[in-house]
Each structure stands twice: as structure tokens, then as C-alpha cells.
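> Pasting a predicted model and its sequence here:
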Amino acid sequence: TGAPALVALAALRAGAGWATVAAPQRAADIAASFSPDLITVPLTDRQKIVPADLEVLRPLIEKHDVAVIGNGAGGDPETAAALAQIVGLCGKTVVDADALRPGVPLKGIVTPHPGEFRRIAGYEGGDGGLEEADLKEAEAQGNARIAAAFGELVAQIEDVLKKKLTDEEGNHLVEGQEHR
């Protein structure tokens, strides 16, 4: 999988002084072939991230300002359990892609596309974009998780922008939620 390498290269292009790809051995080998500018650290398993990798990752996380987690990680249950522990170790974090699943903490910057948003919210609705009707249907079905996840995502964005997000009519995007 080249996803971790592409994320690391993007970080370098955005101005990061250095970027390390810590990935299963197969993915680390692929990342190393992308650019001599990438530092690669192979983890213990050849194919997936496993809880034993925390011993390798802990000192790497402490050395880096930001950890980007999830790109190319896959959906193995053992990997999901490891990702949940890894996110807990991180300070500044970008949680994306395969790390966006129930059981993995939503911490730092969370970047779901609509399908990932549905997965973390436990929403089994339609296939299109998330619309206000989707939120109302989810609430009508008694599924408060999607409304809470949407509210948390809006709150994170508002914290970064330091302003309240509103619709075209000036209404706060999340009804009943006060701006932090």
C-alpha cells in the first residue's frame, strides 16, 4: 500500500522538516521506494499493524510533533484494536481512513469522507452525501451517535477556526449546541 508514503510526502511538501512512515514491513518497503526523503520504520508484522507494534511506535510518537493514523491500515480487527491504543498515545493527531471506525478514539483532527463518517457514527442509511434529512432520519431511528459525531466534528472545526459555523440563514450548524 502506498497510502502512508503519499501522506508522508504531502507532509514534506507542506513544510514538515521530516516525515517517518512506520508501517507493516510490506508497506514500509513500498514507502521506502517512493522517495529517499522518507524515513521508514518497519513494524513487527509483514501485513498489518498489531498491538505488539506499540513498543516500536511509542518512542517514534514522542519524537514527532504530529501523528497521522489510518491511511492504508486496513480493516483487520487486530489492527483496529492496535490503532485505538496508538491514538491514545498521541498528542497532536490526524485520524483518517482505516482508523475511522467504532472503537478508535476520535481525537485531534478527524477527516472522514461521507462513507467513513457513516462508519464511525454507526449509520446504516443511504449512499449519498450526508444531508440534514440524513441527520433527522438518524435521530428519528433513535440513532443519536451520528448526531453526536457530527456535533463533535463541527466543534473541532469551530475550535480551529475560532468561530461559530452557521448555515445560509445564520443558524448554528448543530441545533442546541453552544459554541465553545
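Received the coordinates, thanks.
> For the chain, which segments are assigned as helices?
3-13, 25-34, 54-63, 77-89, 114-121, 132-140, 144-161 (DSSP state H).
> Remind me what the fifth one packs against, helices and strands.
The criterion is 3 or more C-beta pairs under 8 Å, 6 or more residues apart in numbering; DSSP states H and E, and the helices and strands that helix 114-121 contacts are helix 144-161. For every residue, glycine as well, the C-beta is placed using N, CA and C.
> Out of the helices of the chain, which is closest to D45?
Counting by C-beta to C-beta, D45 lies closest to helix 25-34 out of the helices of the chain; the figure is 7.2 Å.
> May I see the buried residues of the closest one?
Residues of helix 25-34 classed as buried by neighbour count (16 or more other C-beta atoms under 10 Å): 27-28, 30-32, 34.
> cool, and stretch 68-78?
With the criterion 16+ other C-beta under 10 Å, stretch 68-78 contains buried residues 68-74, 76.
> just the residues you listed now: which is nearest K164?
V68 (27.9 Å).
> Would you check that the closest one makes contact with D96?
Yes. Here V68 lies in contact with D96, judged by C-beta atoms under 8 Å, at a distance of 6.6 Å.
> circling back to that earlier point, restricted to strands, list the buried residues of stretch 68-78.
68-69 (DSSP state E).
> With distance to A82 as extra columns, can I get the buried residues of stretch 68-78 in a markdown table?
What follows is these, written out as a markdown table (distance: C-beta to C-beta, whole Å):
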| residue | distance to A82 |
| --- | --- |
| V68 | 15 |
| I69 | 10 |
| G70 | 11 |
| N71 | 15 |
| G72 | 14 |
| A73 | 9 |
| G74 | 11 |
| D76 | 9 |
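> With respect to A121, which of the buried residues of stretch 68-78 is nearest?
Closest approach between the buried residues of stretch 68-78 and A121, by C-beta to C-beta: G70, at 16.2 Å.
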